[in-house]
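In: sequence? don't have it. structure:
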């Protein structure tokens, strides 16, 4: 297998493979957790590789016996309908959603896939965050969000999961649209959803009351929906959590969330899950912190924003974000490696934000069917 790009370590595993698939560049990754007590690929990373094989034709994956070396030769992005993928219980469905949204836009045919696993956990963005914050981001890049759908069929909390969501992503016909997105505006309202599964419906109400107790000091227009699941739609484990999103006068969406953790994940000391009141308060404070940071997206969505800008036509893209996260910085380096797009980074001392400017790579969906 020809080797295009050689990378080391396990950081930004998904972004590496997404960019490799989009550009058609074979990639070799070595030294995957060689210093770890349990070296090699994790089961959720292997699951992501299987997912890539499902949505593409002709991809080749080679992994050594210890899982510390990987060779990946991307195939043709095919998309597909009626696909099903079990995401397992190590990482939530959110771990797989962001790559699927990007890759689905540039497939040969629209993507329609059912994902099974954990819908809400503390490691990855929840399906609620994707539905109310991530998908609306796409309209800034010229994508009709009426054609994008994320439907939550069943909730699934850790550790036993049991959740199921259905994702539909249309293909981009003529490429993305370059953006100049630097006006973050002022927060005009806050919305959210408090979910509970296999516990009392009062858990959701308690989270809502505590969140409003914090947020109403700053804004009167706060409405948080309650979403209680029982019976067949409640998954296999009890759980509850809350997702909040602030909408600004210019249409920016800033989100934050808090989810009760699984007792088994807390280590040797057995601790009780956080109370609903504590979760509501914690999520509210996280949201206020994200708003304070500034920018047109929250810290979770920085990497996705930069990737979309890099895939735009050969025109100037300009965006404003808050403090750059370590993950976003690594994504910028990968974009330079695979797409040869370099961002100009200029701090704005007046607002303590950062303005990033780039010229898009001119990426086009060459696999789509031409009618």
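Out: That came in fine, so what should we check first? These figures come from a predicted structure and were not determined experimentally.
In: which stretches of the stretch 101-250 of the chain form strands?
Out: Under the criterion DSSP state E, counting those that start in this stretch, strands of the stretch 101-250 of the chain are mapped to 111-117, 149-154, 163-169, 180-181, 187-197, 222-229, 239-248.
In: Could you tell me the angle between the fifth one and strand 149-154?
Out: Our comparison of strand 187-197 with strand 149-154, counting by axes from the mean of the first three to the mean of the last three Cα atoms, to 10 degrees, yields an angle of 30 degrees.
In: which of the strands of the stretch 101-250 of the chain sits most buried?
Out: strand 239-248 (a mean of 26; mean count of other Cβ atoms under 10 Å). No exception for glycine: its C-beta is placed from N, CA and C like everyone else's.
In: Which elements pack onto that one?
Out: Applying 3 or more Cβ pairs under 8 Å, 6 or more residues apart in numbering; DSSP states H and E, we find strand 239-248 packed against helix 127-129, strand 187-197, helix 202-215, strand 253-259, helix 276-293.
In: Just checking: what are the partner strands of the fourth one?
Out: In other words, strand 253-259. strand 239-248 (antiparallel) (DSSP bridges).
In: one step back: export the strands of the stretch 101-250 of the chain as JSON lines, with columns for mean pLDDT and distance to residue 89.
Out: Shown next, in JSON lines, are the strands of the stretch 101-250 of the chain (pLDDT from 0 to 100; distance: least, Cβ to Cβ, whole Å):
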{"stretch": "strand 111-117", "mean pLDDT": "97", "distance to residue 89": "7"}
{"stretch": "strand 149-154", "mean pLDDT": "95", "distance to residue 89": "14"}
{"stretch": "strand 163-169", "mean pLDDT": "96", "distance to residue 89": "10"}
{"stretch": "strand 180-181", "mean pLDDT": "96", "distance to residue 89": "37"}
{"stretch": "strand 187-197", "mean pLDDT": "96", "distance to residue 89": "15"}
{"stretch": "strand 222-229", "mean pLDDT": "94", "distance to residue 89": "18"}
{"stretch": "strand 239-248", "mean pLDDT": "96", "distance to residue 89": "13"}
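In: Throw the ones you listed into TSV and include distance to residue 67, thanks.
Out: Converted to TSV, these look like this (distance: least, Cβ to Cβ, whole Å):
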stretch	distance to residue 67
strand 111-117	21
strand 149-154	31
strand 163-169	27
strand 180-181	40
strand 187-197	34
strand 222-229	36
strand 239-248	31
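In: quick one: which of those strands is nearest residue 105?
Out: Nearest to residue 105, of all the strands of the stretch 101-250 of the chain, is strand 163-169, at 6.2 Å by Cβ to Cβ.
In: Can you report how many residues neighbour residue 72?
Out: Residue 72 sits with 25 neighbouring residues when counted by other Cβ atoms under 10 Å.
In: Quickly run through the sheet partners of the host helix or strand of it, with directions.
Out: Using DSSP states H and E, residue 72 falls within strand 70-73. Its sheet considered, strand 70-73 pairs with strand 27-30 (antiparallel), strand 60-63 (antiparallel) by DSSP bridges.
In: Run through who's touching it.
Out: Outside strand 70-73, the residues within contact range by Cβ atoms under 8 Å, 6 or more residues apart in numbering are 1-3, 17, 20, 26-30, 32, 41, 49, 59-64.
In: what do you get if the cut-off is 10 Å, keeping everything else the same?
Out: 1-5, 7, 10, 13, 16-17, 20-21, 24-30, 32, 40-41, 45-46, 49, 52, 58-64 (Cβ atoms under 10 Å, 6 or more residues apart in numbering).
In: Mind checking what helix or strand follows it in sequence?
Out: As assigned by DSSP H and E, the chain's next helix or strand after strand 70-73 is strand 76-77.
In: Direction included, what does that following strand pair against?
Out: strand 56-57 (antiparallel).
In: Looking at the partner strand now, give me its mean pLDDT.
Out: The predicted model assigns strand 56-57 a mean pLDDT of 94.
In: Please state the offset of that strand from the chain centre?
Out: How far strand 56-57 lies from its chain's middle: 22 Å, per Cα atoms, centre = their mean, to the nearest Å.
In: repeat for stretch 131-149
Out: In terms of Cα atoms, centre = their mean, the centre of stretch 131-149 is set 13 Å apart from its chain centre.
In: likewise stretch 176-183?
Out: With Cα atoms, centre = their mean, you get 20 Å for stretch 176-183.
In: Which positions within that stretch qualify as buried?
Out: Buried residues in stretch 176-183, counted by 16 or more other Cβ atoms under 10 Å: 176-179, 181-182.
In: Take those residues and lay them out in JSON lines including distance to residue 192.
Out: Putting the buried residues of stretch 176-183 into JSON lines (distance: Cβ to Cβ, whole Å) gives the following:
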{"residue": "176", "distance to residue 192": "29"}
{"residue": "177", "distance to residue 192": "29"}
{"residue": "178", "distance to residue 192": "32"}
{"residue": "179", "distance to residue 192": "26"}
{"residue": "181", "distance to residue 192": "23"}
{"residue": "182", "distance to residue 192": "26"}
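In: Residue 69: which of the residues you listed is nearest?
Out: Among those, residue 176 lies closest to residue 69 (Cβ to Cβ), at 34.1 Å.
In: Quickly note the distance from the closest one to residue 202.
Out: 45 Å (Cβ to Cβ, to the nearest Å).
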